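A.B. asks: Compute the structure for the input listed below.
(one chain, ligands or ions: 1)
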Amino acid sequence: MTELATSFWRKRLEQCADALTANNFTVFIADRLSEAEAIFRKQILKDIKVSSASWGDSITLKDSGILEFLKSAPEIDFIDTFDPGITREESMELRRRALLVDLFLTGSNAVTEDGCLVNLDMVGNRVGGLTFGPHHVVLVIGRNKIVEDVEAAMERIKRFAAPMNAIRHEGWKTPCVKTSFCMDCQSPQRICNTWTVTQKSYPKGRIRVILVNEELGL
Ligand code: SF4
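C.D. replies: You can find the predicted model right below:
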């Protein structure tokens, strides 16, 4: 079954990669998350000039090993906006600075079969960096994020990704933490504030996507 699933998803990833490429994204396909890290180092980093980097919250990215690599690279000023040792105020200031780095990395809540990225953000730093500011953007996206269209993407995010994301925040008190369903809340801790649909990469090739043939992230 595993081999069959891998083969099935490989075809889906290739079709999604073609659609993303037609929309001016630069796309790579990895069979494993560890392979994504190698693609990042050997194929992406060698093509771009980077002296500063940062990231927007992403479980997939955290698990990839890419952040550790960047943190240890002496030539790169890595702005760690999610360092657990800093205060909320310090984190917010770093997130502002992260919008002007050379390289910004994150994941995506969904990617459509016709090659669009769909995201929902609480603070806006993740979709902000994705949209404008950093010269280069790299996204690592698991196969489970592929959906038919924007409507299906929004459905996936509201029914699954957003409540799961709220539940993973320790001490969060939004209604979805209790029920697992989105209640379109008015909570000050509401994590669902800004939607983005990235239909094309502008300029062409600014956004690089690594599609991974594994179930990753939320
Ligand atoms: S709008 Fe509120 S209840 Fe709905 S998923 Fe977002 S945080 Fe949870």
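A.B. asks: can stretch 155-169 be found next to the ligand?
C.D. replies: Yes - figure legend: stretch 155-169 in contact with the ligand (CB under 6 Å from any ligand atom); contacting residues 162-163, 166. The C-beta positions use only the backbone N, C-alpha and C, and glycine is treated the same way.
A.B. asks: And the contacts of that stretch?
C.D. replies: Residues from elsewhere that reach stretch 155-169 (CB atoms under 8 Å, 6 or more residues apart in numbering): 109-110, 118-120, 145, 147, 172, 174, 176-177, 179-182, 189, 191-192, 218.
A.B. asks: Just those residues: which are in strands?
C.D. replies: 110, 118-120, 147 (DSSP state E).
A.B. asks: Can I get the buried part of the contacts of stretch 155-169 as one ChimeraX selection?
C.D. replies: A single ChimeraX command is used to select the members of the contacts of stretch 155-169 judged buried by 16 or more other CB atoms under 10 Å:
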select :109,110,118,119,120,145,147,174,176,177,182,191,192,218
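A.B. asks: now, which of the contacts of stretch 155-169 lie close to the ligand?
C.D. replies: 174, 176, 182, 191-192.
A.B. asks: how about TSV for those, with distance to Ala53 and pLDDT added?
C.D. replies: Listed next are those as TSV, based on distance: CB to CB, whole Å; pLDDT from 0 to 100:
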residue	distance to Ala53	pLDDT
Thr174	31	98
Cys176	32	98
Cys182	33	98
Ile191	25	97
Cys192	27	98
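A.B. asks: Out of these, flag the one nearest to Ala152.
C.D. replies: Cys182 (15.6 Å; CB to CB).
A.B. asks: Find the nearest non-adjacent residue to the closest one, please.
C.D. replies: Lys158 (4.9 Å; CB to CB, 6 or more residues apart in numbering).
A.B. asks: Quick check: phi and psi on the one you found?
C.D. replies: phi -70, psi -30 (degrees, to the nearest 10).
A.B. asks: what do you get for Val27?
C.D. replies: phi -120, psi 140.
A.B. asks: now do the one 5 residues further on
C.D. replies: Per-residue torsions, Arg32: phi -140, psi 160 (degrees, to the nearest 10).
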